[in-house]
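Peer 1: Structure for this input, please:
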Amino acid sequence: MTVTDDLAVSGRASGELGRGKRRRAAAAVGAVALGLVALTACDKPTPLATVTVGSTTVTSEAACYDDGNSLGNEKVASCLKESGGETVKASMEDKLRFGVDPKIADEGWTIFINGQPAEQEPNKKTYRTIPASAFFAGGQGGAAAKTQVSIVEVSTGKALGVWNFTVERES
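Peer 2: Below is the predicted model of the structure:
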């Protein structure tokens, strides 16, 4: 091979290399653009709330949340009636640990049992512990088998979010 052959080969290689770099750059720009479009289509996740019993933890996003805006009484009443949410099992002797995102704690939060407020004042800590027996108080039929527990974020007397959980009594 001669010197001119070497130059011809290296010139061809560098031209192909330049086109490869351009293709990769175009693909990267396309991927970034597609990623930005996908992100704008996604809803912003709500703050999380958790309930822990022993070594079992369940986490939930809000049943109702409007990015820190007041929900209104009718919406809150509807959200508190929604069944479902994550389920955790507890015996009467267990302790339930409730945890909330710091964003929720900054505003304040309270616990509702079967749609009714269980506390007078909002809590501003990120977690608290309550005996499970408080959630299975019996009426005429004895201790309840399951209870809907809701965490409600409140600020200046207005509800900002609702997170629902079901606590089932272990036999």
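
Peer 1: Wasn't Ala159 part of a strand?
Peer 2: Yes. Judged by DSSP: H, G, I helix; E, B strand; the rest coil, Ala159 forms part of a strand.

Peer 1: Now that we're looking at the residue nearest to Gly85 when sequence neighbours are not counted, what pLDDT does it have?
Peer 2: With sequence-adjacent residues excluded and distances taken as Cβ to Cβ, 6 or more residues apart in numbering, Gly85 is closest to Asn164, at 3.3 Å. Every residue, glycine included, has its C-beta placed from N, CA and C. According to the prediction, Asn164 has pLDDT 95.

Peer 1: so Asn164 bridges to which residues?
Peer 2: Using DSSP bridges, the bridge partners assigned to Asn164 are Ser150.

Peer 1: Am I right that it is in contact with Cys79?
Peer 2: Yes. Judged on Cβ atoms under 8 Å, Asn164 makes contact with Cys79 at a distance of 7.5 Å.

Peer 1: More neighbours: which of the two?
Peer 2: The neighbour count for Asn164 versus Cys79, taken as other Cβ atoms under 10 Å, is higher for Asn164 (24 against 21).

Peer 1: Would you quantify the distance from that one to Ala137?
Peer 2: Distance, Asn164 to Ala137, by Cβ to Cβ, to the nearest Å: 19 Å.

Peer 1: what do you get for Gly115?
Peer 2: 15 Å.

Peer 1: neighbour count winner among those two?
Peer 2: More crowded of Gly115 and Ala137, by other Cβ under 10 Å: Gly115, with 14 against 10.

Peer 1: Could you grab the helix/strand/coil label for the closest residue to that one other than its chain neighbours?
Peer 2: Using Cβ to Cβ, 6+ apart and skipping residues adjacent in sequence, the residue nearest Gly115 is Leu80, 4.3 Å away. State at Leu80, reduced to three classes by three-state DSSP: helix.

Peer 1: Could I get the contacting residues of Leu80?
Peer 2: Going by Cβ atoms under 8 Å, 6 or more residues apart in numbering, Leu80 touches 112, 115, 150, 152, 162, 164.

Peer 1: would JSON lines of these with distance to Gly85 be doable?
Peer 2: Formatted as JSON lines, the contacts of Leu80 follow (distance: Cβ to Cβ, whole Å):
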{"residue": "Phe112", "distance to Gly85": "12"}
{"residue": "Gly115", "distance to Gly85": "13"}
{"residue": "Ser150", "distance to Gly85": "8"}
{"residue": "Val152", "distance to Gly85": "13"}
{"residue": "Val162", "distance to Gly85": "10"}
{"residue": "Asn164", "distance to Gly85": "3"}
